[in-house]
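Asks: pasting the sequence and the predicted model now:
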Amino acid sequence: AAGGLHQFMNWPGPILTDSGGFQVFSLAKIRKITAHGVQFRSHLDGSPLFLGPKEVMETQRLLGSDIAMVFDECPPHDCPAKAAQEAVARTLRWAAECRAQPRLPGQAVFGIVQGGVNPALREHCARALVEMDFDGYAIGGVSVGEPEHEMMKAIEVTEPFLPAHRPRYAMGLGTPAQLVELVARGIDMFDCVLPTRVARNGTAFTRKGTLSIKGGAVKADFGPIESGCRCFACRHFTRAYLRHLLNVNEILGLRMLSVHNSHFYLDLMAEMRVHLAAGTFSEYRRQFIAGYVPTQKILAGRRAKAEQEGGR
(Lines give C-alpha, C1' and ligand atoms only; values in the text may rest on other atoms or scores of the structure.)
Protein backbone atom coordinates (compact mmCIF):
# COMPACT_ATOMS: atom_id res chain seq x y z
CA ALA A 1 0.00 0.00 0.00
CA ALA A 2 2.93 2.36 0.64
CA GLY A 3 4.35 1.71 -2.82
CA GLY A 4 7.26 -0.52 -1.86
CA LEU A 5 10.13 -0.22 0.58
CA HIS A 6 11.77 2.80 -1.06
CA GLN A 7 8.69 5.00 -0.68
CA PHE A 8 7.75 3.54 2.69
CA MET A 9 11.22 4.30 4.10
CA ASN A 10 11.80 7.46 2.00
CA TRP A 11 15.14 5.93 1.00
CA PRO A 12 16.37 6.62 -2.56
CA GLY A 13 19.43 4.37 -2.28
CA PRO A 14 19.76 0.67 -3.01
CA ILE A 15 18.00 -1.98 -0.91
CA LEU A 16 18.95 -5.66 -0.65
CA THR A 17 16.42 -8.08 0.81
CA ASP A 18 17.34 -11.52 2.10
CA SER A 19 15.25 -14.57 1.35
CA GLY A 20 14.67 -16.11 4.78
CA GLY A 21 17.20 -18.85 4.09
CA PHE A 22 19.19 -18.01 7.21
CA GLN A 23 16.07 -18.51 9.32
CA VAL A 24 16.11 -22.13 8.15
CA PHE A 25 19.24 -22.28 10.31
CA SER A 26 18.41 -19.92 13.16
CA LEU A 27 14.81 -21.10 13.69
CA ALA A 28 15.60 -24.81 13.47
CA LYS A 29 13.41 -25.59 16.48
CA ILE A 30 10.21 -24.26 14.87
CA ARG A 31 10.58 -25.35 11.24
CA LYS A 32 10.42 -28.41 9.04
CA ILE A 33 12.30 -28.66 5.72
CA THR A 34 10.58 -30.32 2.76
CA ALA A 35 11.58 -30.76 -0.87
CA HIS A 36 9.48 -27.75 -1.86
CA GLY A 37 10.35 -25.31 0.92
CA VAL A 38 10.19 -24.81 4.67
CA GLN A 39 7.23 -24.91 7.02
CA PHE A 40 7.65 -22.55 9.98
CA ARG A 41 5.62 -22.12 13.14
CA SER A 42 5.14 -18.58 14.36
CA HIS A 43 7.06 -17.84 17.56
CA LEU A 44 4.12 -15.62 18.56
CA ASP A 45 1.05 -17.80 18.16
CA GLY A 46 2.19 -21.03 16.52
CA SER A 47 0.41 -20.29 13.24
CA PRO A 48 1.92 -21.97 10.16
CA LEU A 49 3.94 -20.14 7.53
CA PHE A 50 5.35 -21.74 4.39
CA LEU A 51 8.32 -20.32 2.47
CA GLY A 52 9.40 -21.77 -0.84
CA PRO A 53 11.12 -20.28 -3.90
CA LYS A 54 7.88 -18.89 -5.34
CA GLU A 55 6.76 -17.27 -2.07
CA VAL A 56 10.21 -15.80 -1.37
CA MET A 57 10.58 -14.19 -4.80
CA GLU A 58 7.02 -12.91 -4.82
CA THR A 59 7.56 -11.25 -1.44
CA GLN A 60 10.78 -9.58 -2.58
CA ARG A 61 9.08 -8.44 -5.77
CA LEU A 62 6.32 -6.79 -3.71
CA LEU A 63 8.89 -5.19 -1.40
CA GLY A 64 10.52 -3.65 -4.48
CA SER A 65 14.12 -4.29 -3.48
CA ASP A 66 16.97 -3.63 -5.89
CA ILE A 67 18.72 -6.92 -5.05
CA ALA A 68 16.71 -10.04 -4.19
CA MET A 69 18.36 -13.13 -2.75
CA VAL A 70 17.40 -16.66 -3.73
CA PHE A 71 15.99 -19.06 -1.15
CA ASP A 72 18.69 -21.35 0.22
CA GLU A 73 19.36 -23.73 3.07
CA CYS A 74 22.06 -22.59 5.49
CA PRO A 75 23.19 -25.64 7.50
CA PRO A 76 25.21 -25.51 10.75
CA HIS A 77 28.94 -25.33 10.13
CA ASP A 78 29.56 -28.60 11.96
CA CYS A 79 26.77 -30.60 10.34
CA PRO A 80 27.48 -34.12 9.01
CA ALA A 81 28.75 -34.43 5.43
CA LYS A 82 25.48 -35.97 4.22
CA ALA A 83 23.44 -33.06 5.65
CA ALA A 84 25.75 -30.55 3.91
CA GLN A 85 25.34 -32.41 0.61
CA GLU A 86 21.55 -32.41 0.96
CA ALA A 87 21.55 -28.70 1.81
CA VAL A 88 23.58 -27.89 -1.32
CA ALA A 89 21.26 -30.00 -3.48
CA ARG A 90 18.20 -28.19 -2.11
CA THR A 91 19.93 -24.81 -2.42
CA LEU A 92 20.65 -25.43 -6.11
CA ARG A 93 17.15 -26.73 -6.83
CA TRP A 94 15.57 -23.77 -5.08
CA ALA A 95 17.97 -21.34 -6.82
CA ALA A 96 16.84 -22.58 -10.23
CA GLU A 97 13.19 -22.17 -9.19
CA CYS A 98 13.88 -18.65 -7.88
CA ARG A 99 15.68 -17.78 -11.12
CA ALA A 100 12.54 -18.68 -13.09
CA GLN A 101 10.18 -16.49 -11.04
CA PRO A 102 9.00 -13.04 -12.24
CA ARG A 103 10.94 -10.03 -10.99
CA LEU A 104 10.58 -6.26 -11.10
CA PRO A 105 12.16 -4.44 -14.06
CA GLY A 106 15.78 -3.82 -13.11
CA GLN A 107 15.64 -6.00 -9.99
CA ALA A 108 18.84 -8.05 -9.63
CA VAL A 109 18.80 -11.60 -8.25
CA PHE A 110 21.83 -13.10 -6.49
CA GLY A 111 22.60 -16.79 -6.04
CA ILE A 112 23.98 -18.06 -2.70
CA VAL A 113 26.83 -20.56 -2.43
CA GLN A 114 26.56 -23.11 0.36
CA GLY A 115 28.73 -26.11 1.17
CA GLY A 116 29.90 -25.67 4.74
CA VAL A 117 33.63 -26.25 5.19
CA ASN A 118 33.83 -28.78 2.34
CA PRO A 119 35.89 -27.30 -0.55
CA ALA A 120 34.50 -29.76 -3.11
CA LEU A 121 30.90 -28.93 -2.16
CA ARG A 122 31.66 -25.20 -2.28
CA GLU A 123 33.17 -25.54 -5.76
CA HIS A 124 30.27 -27.66 -6.99
CA CYS A 125 27.67 -25.20 -5.68
CA ALA A 126 29.50 -22.16 -7.06
CA ARG A 127 29.96 -23.68 -10.52
CA ALA A 128 26.32 -24.74 -10.72
CA LEU A 129 25.08 -21.27 -9.71
CA VAL A 130 27.36 -19.56 -12.24
CA GLU A 131 25.87 -21.76 -14.96
CA MET A 132 22.46 -20.35 -14.00
CA ASP A 133 23.82 -16.85 -14.74
CA PHE A 134 22.77 -14.77 -11.74
CA ASP A 135 23.37 -11.02 -11.47
CA GLY A 136 25.68 -11.53 -8.49
CA TYR A 137 26.83 -14.25 -6.14
CA ALA A 138 26.82 -14.50 -2.35
CA ILE A 139 28.89 -16.75 -0.13
CA GLY A 140 26.53 -18.03 2.55
CA GLY A 141 26.95 -20.41 5.43
CA VAL A 142 29.73 -18.35 6.99
CA SER A 143 29.63 -16.53 10.33
CA VAL A 144 27.42 -19.29 11.74
CA GLY A 145 29.59 -20.22 14.70
CA GLU A 146 32.70 -21.55 12.98
CA PRO A 147 36.24 -20.42 13.94
CA GLU A 148 37.58 -17.49 11.94
CA HIS A 149 40.16 -19.56 10.07
CA GLU A 150 37.40 -21.87 8.81
CA MET A 151 35.34 -18.87 7.73
CA MET A 152 38.29 -17.48 5.76
CA LYS A 153 38.91 -20.89 4.21
CA ALA A 154 35.28 -21.11 3.05
CA ILE A 155 35.68 -17.73 1.34
CA GLU A 156 39.03 -18.65 -0.19
CA VAL A 157 37.82 -21.93 -1.71
CA THR A 158 34.65 -20.34 -3.11
CA GLU A 159 35.76 -16.99 -4.57
CA PRO A 160 37.93 -18.39 -7.42
CA PHE A 161 34.84 -19.98 -8.98
CA LEU A 162 32.77 -16.77 -8.99
CA PRO A 163 33.04 -14.43 -12.00
CA ALA A 164 35.10 -11.30 -11.34
CA HIS A 165 32.74 -9.15 -13.43
CA ARG A 166 29.78 -9.86 -11.12
CA PRO A 167 29.39 -8.66 -7.50
CA ARG A 168 30.68 -11.10 -4.88
CA TYR A 169 29.01 -10.81 -1.50
CA ALA A 170 30.05 -12.30 1.87
CA MET A 171 26.90 -12.63 3.95
CA GLY A 172 26.89 -11.64 7.62
CA LEU A 173 30.46 -10.31 7.83
CA GLY A 174 32.30 -8.91 9.62
CA THR A 175 34.72 -7.05 11.94
CA PRO A 176 36.79 -4.20 10.44
CA ALA A 177 39.87 -6.41 10.17
CA GLN A 178 37.80 -9.17 8.54
CA LEU A 179 36.46 -6.72 5.94
CA VAL A 180 39.97 -5.67 4.99
CA GLU A 181 41.11 -9.29 4.71
CA LEU A 182 38.05 -10.31 2.71
CA VAL A 183 38.43 -7.44 0.26
CA ALA A 184 41.98 -8.73 -0.23
CA ARG A 185 40.41 -12.09 -1.11
CA GLY A 186 38.18 -10.60 -3.80
CA ILE A 187 34.94 -9.84 -1.93
CA ASP A 188 32.96 -6.73 -2.97
CA MET A 189 29.93 -6.58 -0.65
CA PHE A 190 29.13 -7.20 3.00
CA ASP A 191 26.31 -6.92 5.49
CA CYS A 192 26.70 -7.14 9.24
CA VAL A 193 24.87 -6.24 12.45
CA LEU A 194 28.09 -5.66 14.42
CA PRO A 195 28.24 -1.83 14.19
CA THR A 196 24.89 -1.41 15.93
CA ARG A 197 24.95 -4.59 18.01
CA VAL A 198 28.18 -3.72 19.81
CA ALA A 199 27.01 -0.10 20.10
CA ARG A 200 24.06 -1.34 22.15
CA ASN A 201 26.60 -2.93 24.47
CA GLY A 202 28.57 0.30 24.84
CA THR A 203 31.42 -0.56 22.45
CA ALA A 204 32.89 1.66 19.75
CA PHE A 205 35.09 0.73 16.82
CA THR A 206 38.33 2.66 16.31
CA ARG A 207 41.35 2.20 14.06
CA LYS A 208 43.22 0.62 16.96
CA GLY A 209 40.45 -1.84 17.80
CA THR A 210 37.36 -1.67 19.98
CA LEU A 211 36.85 0.72 22.87
CA SER A 212 34.48 0.24 25.81
CA ILE A 213 32.70 3.55 26.36
CA LYS A 214 30.86 2.22 29.42
CA GLY A 215 34.10 1.57 31.31
CA GLY A 216 35.44 3.75 34.09
CA ALA A 217 38.60 4.51 32.11
CA VAL A 218 36.75 7.19 30.10
CA LYS A 219 34.82 8.71 33.01
CA ALA A 220 36.84 11.95 32.80
CA ASP A 221 37.97 11.66 29.16
CA PHE A 222 36.72 14.77 27.38
CA GLY A 223 37.99 13.86 23.94
CA PRO A 224 35.94 12.32 21.09
CA ILE A 225 35.49 8.60 20.60
CA GLU A 226 38.29 8.77 18.02
CA SER A 227 40.46 11.75 17.15
CA GLY A 228 40.02 12.81 13.54
CA CYS A 229 36.65 11.12 13.12
CA ARG A 230 34.07 13.42 11.48
CA CYS A 231 30.93 11.57 12.55
CA PHE A 232 28.22 13.52 14.38
CA ALA A 233 29.01 11.85 17.71
CA CYS A 234 32.73 12.66 17.59
CA ARG A 235 32.11 16.25 16.48
CA HIS A 236 29.64 17.00 19.26
CA PHE A 237 30.14 14.73 22.26
CA THR A 238 32.95 13.48 24.50
CA ARG A 239 33.70 9.97 25.65
CA ALA A 240 32.83 11.01 29.20
CA TYR A 241 29.40 12.32 28.23
CA LEU A 242 28.60 9.29 26.08
CA ARG A 243 29.61 7.05 29.00
CA HIS A 244 27.22 8.98 31.23
CA LEU A 245 24.39 8.50 28.72
CA LEU A 246 25.05 4.77 28.51
CA ASN A 247 25.22 4.27 32.25
CA VAL A 248 21.95 6.07 32.92
CA ASN A 249 20.26 4.13 30.08
CA GLU A 250 19.66 7.24 27.99
CA ILE A 251 18.84 6.18 24.41
CA LEU A 252 20.97 8.96 22.91
CA GLY A 253 24.10 7.10 23.99
CA LEU A 254 23.16 4.01 21.98
CA ARG A 255 22.23 6.15 19.00
CA MET A 256 25.50 8.07 19.02
CA LEU A 257 27.62 4.92 19.26
CA SER A 258 25.58 3.44 16.41
CA VAL A 259 26.20 6.60 14.36
CA HIS A 260 29.93 6.45 15.07
CA ASN A 261 30.29 2.74 14.30
CA SER A 262 28.29 2.99 11.08
CA HIS A 263 30.35 6.02 10.02
CA PHE A 264 33.54 4.08 10.81
CA TYR A 265 32.49 1.19 8.56
CA LEU A 266 31.52 3.52 5.70
CA ASP A 267 34.84 5.36 5.98
CA LEU A 268 36.72 2.06 6.04
CA MET A 269 35.08 0.86 2.81
CA ALA A 270 35.62 4.25 1.14
CA GLU A 271 39.32 4.13 2.03
CA MET A 272 39.67 0.65 0.59
CA ARG A 273 38.09 1.76 -2.69
CA VAL A 274 40.58 4.63 -2.93
CA HIS A 275 43.59 2.37 -2.30
CA LEU A 276 42.36 -0.30 -4.69
CA ALA A 277 42.04 2.30 -7.44
CA ALA A 278 45.47 3.74 -6.64
CA GLY A 279 47.18 0.34 -6.51
CA THR A 280 48.23 0.86 -2.87
CA PHE A 281 45.83 -1.56 -1.20
CA SER A 282 48.49 -4.09 -0.15
CA GLU A 283 50.36 -1.52 1.95
CA TYR A 284 47.08 -0.13 3.34
CA ARG A 285 46.06 -3.65 4.35
CA ARG A 286 49.41 -4.30 6.04
CA GLN A 287 49.28 -1.08 8.05
CA PHE A 288 45.63 -1.46 9.07
CA ILE A 289 45.99 -5.05 10.27
CA ALA A 290 49.23 -4.23 12.11
CA GLY A 291 47.56 -1.41 14.03
CA TYR A 292 44.19 -3.06 14.70
CA VAL A 293 43.79 -5.20 17.83
CA PRO A 294 40.73 -7.47 17.57
CA THR A 295 38.55 -8.03 20.59
CA GLN A 296 38.09 -11.77 21.01
CA LYS A 297 35.21 -11.33 23.45
CA ILE A 298 33.16 -9.58 20.77
CA LEU A 299 33.91 -12.32 18.26
CA ALA A 300 33.00 -15.04 20.75
CA GLY A 301 29.80 -13.24 21.72
CA ARG A 302 28.89 -12.80 18.08
CA ARG A 303 29.33 -16.51 17.38
CA ALA A 304 27.06 -17.35 20.30
CA LYS A 305 24.49 -14.80 19.16
CA ALA A 306 24.51 -16.22 15.62
CA GLU A 307 23.08 -19.44 16.99
CA GLN A 308 20.11 -17.62 18.51
CA GLU A 309 18.97 -14.94 16.06
CA GLY A 310 19.05 -13.58 12.51
CA GLY A 311 21.96 -12.19 10.53
CA ARG A 312 23.88 -14.68 8.38
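Replies: Yep, that arrived.
Asks: flag every buried residue along the helix or strand where residue 125 lies.
Replies: Taking DSSP states H and E as the definition, residue 125 sits inside helix 119-132. Neighbour-count burial for helix 119-132, with 16 or more other CB atoms under 10 Å as criterion, is recorded at 121-126, 128-130, 132. C-betas here are computed from N, CA, C, even on glycine.
Asks: nearest to residue 152 among those residues?
Replies: Nearest to residue 152 out of those is residue 122 (CB to CB; 12.8 Å).
Asks: and the nearest residue to the closest one once chain neighbours are set aside, how far from residue 77?
Replies: Ranked by CB to CB, 6 or more residues apart in numbering and with sequence neighbours excluded, the top spatial neighbour of residue 122 is residue 115, at 3.7 Å. According to CB to CB, to the nearest Å, residue 115 and residue 77 sit 11 Å apart.
Asks: what's the answer for residue 56, then?
Replies: Taking CB to CB as the criterion, residue 56 is separated from residue 77 by 23 Å.
Asks: quick one: which of those two has more around it?
Replies: Counted by other CB atoms under 10 Å, residue 56 and residue 77 do not tie: residue 56 has more neighbours, with 26 against 21.
Asks: quick one: contacts of the host helix or strand of that one?
Replies: With elements taken from DSSP H and E, the one containing residue 56 is helix 53-63. Contacts made with helix 53-63 from outside it, assessed by CB atoms under 8 Å, 6 or more residues apart in numbering, are listed as 4-5, 15, 17, 19-20, 37, 68-71, 94-95, 97-98, 101-104, 107, 109.
Asks: partners of the next helix or strand after the helix holding residue 125, with directions?
Replies: Scanning forward in sequence from helix 119-132, with DSSP H and E defining helices and strands, the next element found is strand 136-139. For strand 136-139, sheet partners with direction are given as strand 108-113 (parallel), strand 168-170 (parallel), following DSSP bridges.
Asks: who does the helix or strand just after strand 136-139 touch, helix- and strand-wise?
Replies: Moving toward the C-terminus from strand 136-139, the next helix or strand (DSSP H and E) is helix 148-158. The helices and strands touching helix 148-158, judged by 3 or more CB pairs under 8 Å, 6 or more residues apart in numbering; DSSP states H and E, are helix 119-132, strand 136-139, helix 176-184.
Asks: what's the angle between the last one and helix 148-158?
Replies: Think helix 176-184. Orientation note: helix 176-184 sits at an angle of 20 degrees relative to helix 148-158 (axes from the mean of the first three to the mean of the last three CA atoms, to 10 degrees).
Asks: list the buried ones in helix 176-184?
Replies: Of the residues in helix 176-184, those buried under the neighbour-count criterion (16+ other CB under 10 Å) are 176-183.
Asks: using TSV, lay out the residues you listed together with pLDDT and distance to residue 158.
Replies: Compiled in TSV, those are given as follows (pLDDT from 0 to 100; distance: CB to CB, whole Å):
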residue	pLDDT	distance to residue 158
176	96	22
177	95	20
178	95	15
179	97	17
180	97	19
181	96	15
182	97	11
183	97	15
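Asks: from these, pick the one nearest residue 28.
Replies: Nearest to residue 28, judged by CB to CB, of these is residue 178 at 25.4 Å.
Asks: how many neighbouring residues does the nearest residue in space to that closest one that is not next to it in sequence have?
Replies: The spatially closest residue to residue 178, leaving aside those adjacent along the chain, is residue 148, at 7.4 Å (CB to CB, 6+ apart). Using other CB under 10 Å, residue 148 has 18 other residues around it.
Asks: if I read this right, residue 148 contacts residue 177, doesn't it?
Replies: No. With contact defined as CB atoms under 8 Å, residue 148 does not count as touching residue 177 (9.6 Å).
Asks: may I have the phi/psi pair for the residue nearest to residue 159 when sequence neighbours are not counted?
Replies: Beyond its immediate neighbours in the sequence, the residue positioned closest to residue 159 (CB to CB, 6+ apart) is residue 186, lying 4.6 Å away. Main-chain dihedrals, residue 186, degrees, to the nearest 10: phi 100, psi 10.
Asks: can you pull the buried residues of stretch 134-148?
Replies: Buried residues in stretch 134-148 (16+ other CB under 10 Å): 134, 136-146, 148.
Asks: got a pLDDT number for residue 210?
Replies: Per-residue confidence for residue 210 comes out at a pLDDT of 95.
Asks: element containing residue 84, please.
Replies: helix 81-100.
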